[in-house]
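> sharing a model prediction with you, sequence too.
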Amino acid sequence: MKSTKKVVVLLSAGLDSTVNAYEAIKHQHEVVLALTFNYGQRAAKKEIEHAAKIAAHLGVPHKVVELPWFKDFNKSSLLVESQTVPTGSAVEIDSLEKSEETARSVWVPNRNGIFLNIAAAYAEAAGAEVVIPGFNAEEAATFPDNSKEFLDRATQALWYSTSNHVTVGCFTVHLKKPDIVRLGQGLKVPWELIWPCYFAGEKWCGECESCLRSKRAFESAKVDVSSLFKG
């Protein structure tokens, strides 16, 4: 992505979306809006709270989009309280087979497709050219809606559905989590502001798949955030 574009950032306050927001500022893009979605996910309260802090730190407008009808899908352990989010020994981030299994548990129907389309509508209305999600190569192995292929196909679709031909761009789509942490270190991201956890506890649980991937990434990059994890 070239510099000085108007962009809309999808900001969940997770590792990937936060680093993308900071990278957008570094590239001198004008972030006209940071969008956080409340779709009934377990961590919604924390994601909204931390995304607001990140947006304030960056000095960009922040909006929470309420999507209560996601509950109607009645699918995903992130949304349905009676389902169990895989944690601890149920998660094996180095096993593709096990990761595919846990991915099915937390999969939310068409989540990123819906998010990108909503963000593109806000972008078009604001005269912005690009929407920036937080995708990464590591999770693309089990979540195809994190992949470069999905990003490119979404851009193709938006060419038809937005009058100004909004595109989808992502600074981390080719990176794995440790490299994203290293990128964030260079951007001086205040890690205490992010929320990578599937739950809404006082600290990051350290047991869900998102936490375990984040923990490994920080350790690999030799960045000590141990105080942010529970226990």
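Alright, I've got the coordinates. Numbers count the residues shown, from 1 in each chain.
> quick one: buried residues of the lengthiest strand in the chain?
Assignment by DSSP state E gives strand 30-38 as the longest strand of the chain. Within strand 30-38, the residues scored as buried using 16 or more other C-beta atoms under 10 Å are 31-37. For the C-beta atoms, the positions are set from N, CA and C on the backbone; glycine is no exception.
> then stretch 106-113?
For stretch 106-113, the neighbour count (16+ other C-beta under 10 Å) marks 106-108, 111-112 as buried.
> just stretch 11-28 next, same as before
Judged by neighbour count using 16+ other C-beta under 10 Å, the buried positions of stretch 11-28 are 11-25.
> quick one: average pLDDT of that stretch?
Average pLDDT, stretch 11-28: 97.
> and the strands in the protein?
Taking DSSP E as the test, the strands found in the chain are 6-10, 30-38, 62-66, 130-132, 167-168.
> elements contacting the lowest-mean-pLDDT helix or strand in the chain?
Counting by mean pLDDT, DSSP states H and E, the weakest-scoring helix or strand in the chain turns out to be helix 96-106, with a mean of 82. Applying 3 or more C-beta pairs under 8 Å, 6 or more residues apart in numbering; DSSP states H and E, one finds that helix 96-106 contacts helix 209-220.
> check which helices and strands the helix it packs on is in contact with.
Secondary elements touching helix 209-220 (3+ C-beta pairs under 8 Å, 6+ apart): helix 96-106, helix 177-186.
> which residue of the chain lies farthest from its centroid?
Relative to the C-alpha centroid of the chain, counting by C-alpha atoms, centre = their mean, Ser163 is the outermost residue, at 26.1 Å.
> where does the prediction get shaky in the protein?
Scanning the chain for pLDDT under 70 picks out 1-3.
> and stretch 136-150, end to end?
Its first and final residues considered, stretch 136-150 spans 12 Å by C-alpha to C-alpha, to the nearest Å.
> hmm, who's touching it?
By C-beta atoms under 8 Å, 6 or more residues apart in numbering, the residues outside stretch 136-150 that reach it are 16, 96, 99-100, 102-103, 107, 111-113, 135, 172-177, 180, 213.
> one more time with 7 Å
Stretch 136-150 has contacts (C-beta atoms under 7 Å, 6 or more residues apart in numbering) with 16, 96, 99-100, 103, 112-113, 135, 172-177, 180, 213.
> what subset of these is buried?
16, 99, 103, 112, 135, 172-173, 175-177, 180, 213.
> how close does the closest residue to Thr162 other than its chain neighbours sit to Val166?
Computed as C-beta to C-beta, 6 or more residues apart in numbering, the closest residue to Thr162 that is not its neighbour in sequence is Glu124, at 4.5 Å. For Glu124, the distance to Val166 (C-beta to C-beta, to the nearest Å) stands at 6 Å.
> compare those two (neighbour count), which wins?
Legend: neighbour count by other C-beta atoms under 10 Å for Glu124 and Val166, higher for Val166 (26 against 19).
> contacts only, for the more buried one.
Val166 sits next to 120, 123-124, 129-131, 158 when contact means C-beta under 7 Å, 6+ apart.
> just those: which are in helices?
Judged by DSSP state H, those include 120, 123-124, 158 as members of helices.
> out of the buried residues of stretch 106-113, which is nearest to Phe70?
Of all those, Phe70 sits closest to Val108, with 6.8 Å by C-beta to C-beta.
> circling back: which residues touch the least confident helix or strand of the chain?
For helix 96-106, the external contacting residues (C-beta under 7 Å, 6+ apart) are 76-78, 85-86, 90-93, 141-143, 209.
> next: stretch 218-231.
For stretch 218-231, contacts defined as C-beta under 7 Å, 6+ apart pick out 178, 181-182, 185, 191-192, 201, 203-206, 215.
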